[in-house]
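A.B. asks: Here is a sequence with its predicted model. Questions after.
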Amino acid sequence: MFESLNDPVDVLTAFVQGRVQPLRFRWQGRVIRVRKVTGEWSRREGQSLLKYFAVEGGGAETYELCYDPRIPRWTLSRAWTDPSHS
């Protein structure tokens, strides 16, 4: 199931080879471990550069995380989940 969201999330990150990498995040009361970062890109919004990460969670779940340095905060902007595994 695809969901387009704008949910604030807490994200645990690490710096790997000088770049930020999400490790896990909390969404809807559960902690989702990032199994793999499958994509990373930026989008300019005014003077700010928003950072996006496409990540794989458990099973077939994939997510799109966004870091906004203006606030600063993380949001979960999209989720592709299997409702039978909720």
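C.D. replies: Received, thanks.
A.B. asks: Check which helices and strands the lowest-mean-pLDDT helix or strand in the chain sits against.
C.D. replies: When each helix and strand of the chain is scored by mean pLDDT, DSSP states H and E, strand 2-16 comes last, with a mean of 89. Using 3 or more C-beta pairs under 8 Å, 6 or more residues apart in numbering; DSSP states H and E as the contact test, the elements touching strand 2-16 are strand 19-27, strand 62-68, strand 73-80. (C-beta placed from N, C-alpha, C; glycine too.)
A.B. asks: Low-confidence stretches in the protein?
C.D. replies: Scanning the chain for pLDDT under 70 picks out 1-2, 83-86.
A.B. asks: do you know how far L12 is from R26?
C.D. replies: Between L12 and R26 the computed distance is 9 Å (C-beta to C-beta, to the nearest Å).
A.B. asks: in its sheet, what does the least confident helix or strand of the chain sit against?
C.D. replies: Strand 2-16 has the following strand partners under DSSP bridges: strand 19-27 (antiparallel), strand 73-80 (antiparallel).
A.B. asks: Please list the residues outside it that contact it.
C.D. replies: Residues outside strand 2-16 that contact it (C-beta atoms under 8 Å, 6 or more residues apart in numbering) are 20-28, 65, 67, 73-81.
A.B. asks: how about 7 Å then?
C.D. replies: Outside of strand 2-16, the residues within contact range by C-beta atoms under 7 Å, 6 or more residues apart in numbering are 20-27, 65, 73-80.
A.B. asks: Cool, thanks, signing off.
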